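A.B. asks: A structural model of the following input is requested.
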Amino acid sequence: MRNLLKTEQSSFWVESTTVPDAPISASTWDVAHGQLICAFGPSEGEGLVELSRVSPTEQNVITSWEDPNYGKIISLHYLADSASTCVIFSNGDIVLVREEPTVEVEIVGSIEGGITAAAWSPDEEIIAITTVARNLTLMTREFEPIEEVTFSAEDLKASRHVSVGWGKAETQFQGKHAKAGQHLKDPTVPDHVDTGKLSEQDDGETVITWRGDGAYLAVSTTEDGEKRLIRVYSREGQLDSVSEPVDGFESPLTWRPVGNLIAGIQRLPDKTDVIFFERNGLRHGQFTLRTGEQTPSVDLRVQKMFWNGDSTVLAICLSDRVQLWCMGNYHYYLKQEIMLPSGSSNCDFIWHPERPLEFAITTGANANINKFVWNTATGSNVQPTDYGVVAVADGDKIKITPMRVANVPPPMALCEASLQQTPVDIAVSPSGKRIVALQHTGIDLVSWSYKPISEPVVSSKIATTDGPETYRQACFLDDNTLCLLGDNESGQSVLRCLALDEAGQVERDDFYPYEHIQLDLPCSTLKSTGTAGSVLLQEQCGNVVLYNLEGKTHSPVCKLPGSCPWMESVTLDEQITVFGLSEGGRLYANERMLASSVTSFSVTSAHLIYTTSQHVIKFIHLVSNIHDLEVPSDEVTADERCRNVERGSRLVCVMPSIFAVVLQMPRGNLETIYPRALVLAGVRRSIEKLKYKKAFLACRDNRVDMNLLYDYAPKQLLENIELFVDQLKRIEYIDLFLSQLREEDVTKTMYRETLASTGPQTAETQPATTTKVNDICNAFITILSSKYLSSNIQNIITAYCCKSPPDHEAALTLITSLKGKDLYEQAITHICFLSDVNKLYDTSLGLYDLEVALMIAQQAQKDPREYLPFLQSLQEMPPLRRHYSIDDKLGRFSKALVSLHAMGEDTFEETRRYAISKELYSDALRLYSSDKPHMDLIMSDYANHLFSSLRYREAGYAFEYLSQTPQAVESYQQAGMWQEALFAASSLSSAEQRTLATELAEVAMENKDYAAAATIFAEHLSDIPAAVAALCKAHSYPAAMRLAALQQQPDLLASIVDPALSDSFSTLSELISDCQAQLSSQLSRILELRIAAAKDPLAFLDGAVDIDVPDNISLAPTNATTSNSIFTRYTGATMQTAQTGVSRKTSKNRRKDERKRARGKKGSVWEEEYLMNSIRRLSERVTETEQDVGKTVEGGWRRGMGERSAALQRGWRRLREELQNVVEKVWEGERLVVGEGGELVKVEKPVVKGEWEGLSLV
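C.D. replies: Numbering: from 1, shown residues only. Okay, here's the model as predicted:
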């Protein structure tokens, strides 16, 4: 779908200073200096030869010398690394002209008899020469012989060609009817076998061509003046193959650099073909030559053929022109024709070795340098005229395809326009209805229509040969204004602007010479700005200027960092931004480089779209400030602006109206994609404009989540439900929208807005809620029920069913109201389609509507034996019994209990049994709250149930309510409620009460509830010594002493309180000693571990090092290694499991590791964590014991144990200080230890509290 666009052209005269009037006899590229090296002479009667380095601006003579033997130049080649030029003459002389350090001409060799052809290998390491004696000589670049072979008739036996008819019609399947009646024929036997008959116009020349990698070369020679064939030799001079005989085969030959084809010329009686051979000599396709003037190809005289450096263009040199052909989808397109000066002779064509689409042509005394780029001629991508019109040049035809109407794959097209010549450039008008073909002699204006489709016709022809200017580019400013870019005789750029009427005739012709444009360098690119009256011009250095055609003024726009053959522009906020793509794949926005490795790009009003060599298409949101352009990353799964495409894809056109991008694959086939970036941008734009139907259809066609219609503007949709329904109209559309609703906010998940600055709609944020679906469904139900009830009953049912959870009852209630109407059965069918019919059946039963239940059961295609007997039995029951049966079946036991209760007094026992079986005691109590006898019976059942369920507290309350004292006491006793138990036992005998109190006191002592035990002993058992002892157990010495004094038993102080204090002093002192010893040992061990880790971390983490290992044992790890590495030691994964990502650690092994970690075994990796946790637990214990220490110190002081109190208080303070110091040392800085799973974890630092300050009297 691409054409060749000429960006630069230079035509200049080259004259010899030492050989007057001598034409250019040969030329070659000097890549190092970017110039041509031309040779003049020798000629008949003049043996002088001159070498000159020429360019459009200068010409310098390198040297000249005399050739007395007179010979034609066979080969001229410049060797850049040695700064020398090799000239080979037909008389056999090989001359090397060195330029450094001084110019020196040396005949490095001579071949007796003469030379017929010579060619250097692509790597310039070997030169191949054929001689008049029919020899092939291969020499090194130092001209040392490698191999010399002789062409002989025996070479023809080297290849035995067998064709099996691949690709021929006879070998293709055509169906049995196509072959009916045809004579069976062997497809491997051709109708005519070529004998290799020599063409009458064969020039007898020998041609050598190399494959691109320099591994093989092909030589085309004639055999005894009867036939011409190709011999293929290896780099070492070994014969590889010989071509099959071809009648009319002529001398031009070129090997495609990629190596798959060798191109030659076959002249047939009625046409001239370019034919292709494989390396093995077999034919492999062909195409017929043609010209723009409908000249019969049989009259064409092909002089030479050359492939360009990247194998994309085949140049064919004819007597009056040079044709450039390219291939796509196995079709060869004639893309350009460069006309040669009339009467020119000795045409020499040279591709630039490093720039694939740059070449030079020398004829006589004229040199012409042309530079092309690939370019796609497309129409506007501005809505609504973005029909994707693409025009492709193919000789004298333009293939036209509007991609929005018909995606016709090349080489076919929707329609074709016939011209007189091959166009130089093609431009499509903004509407796409006019196409201009710029030719050498004028302009053809093609008019057509794509809606409806009409055959394109040339509506007018405009001549442009009224001056010396040569035009090379064209563009439309609008449908009636055409601008041309050309060059004058001096190579300076000129502009021409044509105003056209509706018929295509010229109304005004304005010419803008170089003096008006006032640019320093020639222009390489002409582009429209999208507004009439001005164009963008890019100089060859990258400067971009805006030229005002009416005022004939220009103003600078930007300076691209380099020449960018591909240029587009967009105007945002009245500011022009220019996007340029260099030949190196760098994409620029004005002076800023946006991306590299870019292969193609396009600009719409909202996006910059480009493809990369990583096979990704990217979208950049356009903003007026180029520094705010955000280039997406390559994360194609996380960003709508990035998408993978097929390898080598390039942009053809973009159609924002249908959210489409057309890509062309390297082979030539087309693919239309609908990128999320374009689709979502279109959907958001439609929502903002309240065009809900367009947004809905876009979501449906491109499988975009329908939730976007709400999430993008929640409040707006809820306020415009009626508009939404009016636009969508179709019931199935509304159902589709409702059925896809879910609570997720897709604007925050899958469709996050990637444009930094959004409009007012996107700025609206949806409040965090889990009722989104219900809110939308309720809104639709409200609107549809009030205004569209008769027409959209199906949508209302859908809204009920799509709520979360589905409101089946409301939907069925609505359906019930339709009984007797035509919509009744349709509604039943629809709700069965939307929901689980089993749930619907149960819900309909729950409405006690047996008719609806029967209809749903029939729709569910259930077995009638499953539901008919049940429904019949229900129909025969009284209403309350029917309700009870239905509710019981549906598991609605509370409702069933209500129905049983409503049946009356006769069903009380049944109700009681039902409440017991379903554990509906609370419901039953509520129903019988006004019937005390029945309520007491149910309460008794409930109390027994609570007691058997171990809910003793509630059982005690129930039994106490029923005045069942023994059961209440037992329940309270089991619940540990001693106060309630003693109260409930007040009606029992004294002996029973004392026994109960004794049991409760013993239980309290076992549970260490010493305060409760003391109260029971003192108040219920009158056992004061036991009560005092219980209080001393709780360290409540003040209470114990008060109780002894209250009961006037002072002897208890000496017999019970003092011994208890002594025991407490001993216990707490021992605790202090143990804690101090633990702190000391654990601190030293932690410091020891940290010193070892600081000295040698690897040894500390991975075990012993510096172990003596025998020299003959390999320490390299293998896949069978099972020892732990630094990274797997703590995870338990071996090397094999780490490689596979699968952990084979069993739960048993994990529990074993957890036990090791809990033990903190010395030397294990978890030891430090264990020690730190141990100190943390010790700190907690010290804090918990502090109150007991305080009570003991104060109690001892009061009982005359001052020294022991002082000693305990001092010891406790020392312990607290030591603990604080240890914590600060251990938790110094950010301490991380190896935790479970091998990860580094932080152990929480303990807080040493000191709420008890001590007794100052001590």
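A.B. asks: quick one: classify T531 as helix, strand or coil.
C.D. replies: Following DSSP: H, G, I helix; E, B strand; the rest coil, we place T531 in the coil state.
A.B. asks: and it, how close does it get to P430?
C.D. replies: Distance of T531 to P430, given as Cβ to Cβ, to the nearest Å: 11 Å. (C-beta placed from N, C-alpha, C; glycine too.)
A.B. asks: neighbour count: those two, which is higher?
C.D. replies: Between T531 and P430, P430 has the larger neighbour count (other Cβ atoms under 10 Å), namely 18 against 11.
A.B. asks: doesn't T378 make contact with the more buried one?
C.D. replies: No - the criterion here is Cβ atoms under 8 Å, and P430 misses it with T378 at 11.1 Å.
A.B. asks: not counting sequence-adjacent ones, nearest residue to E502?
C.D. replies: Leaving aside its sequence neighbours, E502 sits nearest to N480 (Cβ to Cβ, 6 or more residues apart in numbering; 7.8 Å).
A.B. asks: and the strands in the stretch 201-350 of the chain?
C.D. replies: For the stretch 201-350 of the chain, the strands defined by DSSP state E, counting those that start in this stretch cover 207-210, 216-223, 227-234, 239-242, 249-255, 262-267, 272-277, 283-288, 302-307, 313-318, 321-328, 331-339, 348-351.
A.B. asks: and of the ones you listed, who's closest to K787?
C.D. replies: For these, the distance to K787 is smallest for strand 321-328, at 57.8 Å, taking Cβ to Cβ.
A.B. asks: list the helices and strands that closest one packs on?
C.D. replies: Applying 3 or more Cβ pairs under 8 Å, 6 or more residues apart in numbering; DSSP states H and E, one finds that strand 321-328 makes contact with strand 313-318, strand 331-339.
A.B. asks: can I get the shortest one as PDB, trimmed to CA atoms?
C.D. replies: What follows is strand 313-318, C-alpha atoms only, in PDB (Å, rounded to 0.1, in the frame of the first residue of the first chain):
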ATOM      1  CA  VAL A 313      13.300  -2.300  -5.200                       C
ATOM      2  CA  LEU A 314      14.400  -3.600  -8.600                       C
ATOM      3  CA  ALA A 315      15.700  -0.900 -10.900                       C
ATOM      4  CA  ILE A 316      15.400  -1.700 -14.600                       C
ATOM      5  CA  CYS A 317      17.400   0.500 -17.000                       C
ATOM      6  CA  LEU A 318      15.700   1.000 -20.400                       C
END
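A.B. asks: please identify the buried residues of stretch 734-749?
C.D. replies: The neighbour-count check on stretch 734-749 (16 or more other Cβ atoms under 10 Å) flags I734, D735, L736, F737, L738, L741, D745, V746, T747 as buried.
A.B. asks: can I get these in JSON lines including distance to E1019, pLDDT and secondary structure?
C.D. replies: Listed next are the buried residues of stretch 734-749 as JSON lines, based on distance: Cβ to Cβ, whole Å; pLDDT from 0 to 100; DSSP: H, G, I helix; E, B strand; the rest coil:
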{"residue": "I734", "distance to E1019": "78", "pLDDT": "96", "secondary structure": "helix"}
{"residue": "D735", "distance to E1019": "77", "pLDDT": "95", "secondary structure": "helix"}
{"residue": "L736", "distance to E1019": "78", "pLDDT": "96", "secondary structure": "helix"}
{"residue": "F737", "distance to E1019": "76", "pLDDT": "96", "secondary structure": "helix"}
{"residue": "L738", "distance to E1019": "72", "pLDDT": "96", "secondary structure": "helix"}
{"residue": "L741", "distance to E1019": "68", "pLDDT": "95", "secondary structure": "coil"}
{"residue": "D745", "distance to E1019": "66", "pLDDT": "93", "secondary structure": "coil"}
{"residue": "V746", "distance to E1019": "71", "pLDDT": "92", "secondary structure": "coil"}
{"residue": "T747", "distance to E1019": "71", "pLDDT": "91", "secondary structure": "coil"}
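A.B. asks: of these, closest to L1052?
C.D. replies: Checking the buried residues of stretch 734-749 against L1052 with Cβ to Cβ, the nearest one is D745 at 74.4 Å.
A.B. asks: shouldn't that closest one be in contact with D711?
C.D. replies: Yes - contact between D745 and D711 holds when scored by Cβ under 8 Å: they sit 5.0 Å apart.
A.B. asks: can you name the farthest residue from the center of the protein?
C.D. replies: Centroid-distance maximum for the chain: Q1048 at 90.9 Å, with Cα atoms, centre = their mean.
A.B. asks: for the helix or strand encompassing A391, name the packing helices and strands.
C.D. replies: Taking DSSP states H and E as the criterion, A391 maps to strand 389-394. Contact here means 3+ Cβ pairs under 8 Å, 6+ apart; on that basis strand 389-394 packs against strand 3-13, strand 331-339, strand 377-378, strand 397-402, strand 425-428, strand 434-438, strand 650-655.
A.B. asks: make it 7 Å
C.D. replies: If contacts are counted by 3 or more Cβ pairs under 7 Å, 6 or more residues apart in numbering; DSSP states H and E, strand 389-394 sits against strand 331-339, strand 377-378, strand 397-402, strand 425-428.
A.B. asks: partner strands of the second one, with direction?
C.D. replies: Strand 377-378 has the following sheet partners, assigned by DSSP bridges: strand 389-394 (antiparallel).
A.B. asks: just the third one next, same as before
C.D. replies: Strand 397-402 sits in its sheet next to strand 389-394 (antiparallel), strand 415-418 (antiparallel), going by DSSP bridges.
A.B. asks: just the last one next, same as before
C.D. replies: According to DSSP bridges, the neighbouring strands of strand 425-428, each with its direction, are strand 434-438 (antiparallel).
A.B. asks: what mean pLDDT does the partner strand have?
C.D. replies: For strand 434-438, mean pLDDT is 95.
A.B. asks: what's it in contact with?
C.D. replies: Residues from elsewhere that reach strand 434-438 (Cβ atoms under 7 Å, 6 or more residues apart in numbering): 391, 398, 400, 419, 423-428, 443-447, 471, 474, 479, 482, 484.
A.B. asks: also stretch 661-672?
C.D. replies: Under Cβ under 7 Å, 6+ apart, the answer for stretch 661-672 is 1, 328-329, 388, 403, 407, 409-410, 609, 645-646, 648-654, 660, 673, 675, 678.
A.B. asks: just how off-centre is stretch 899-918 within its chain?
C.D. replies: Distance of stretch 899-918 from its chain centroid, counting by Cα atoms, centre = their mean, to the nearest Å, is 66 Å.
A.B. asks: if you count neighbours, what's buried in it?
C.D. replies: Neighbour-count burial for stretch 899-918 flags S899, L900, H901, T907, F908, T911, R912, Y914, A915, I916, K918 (criterion: 16+ other Cβ under 10 Å).
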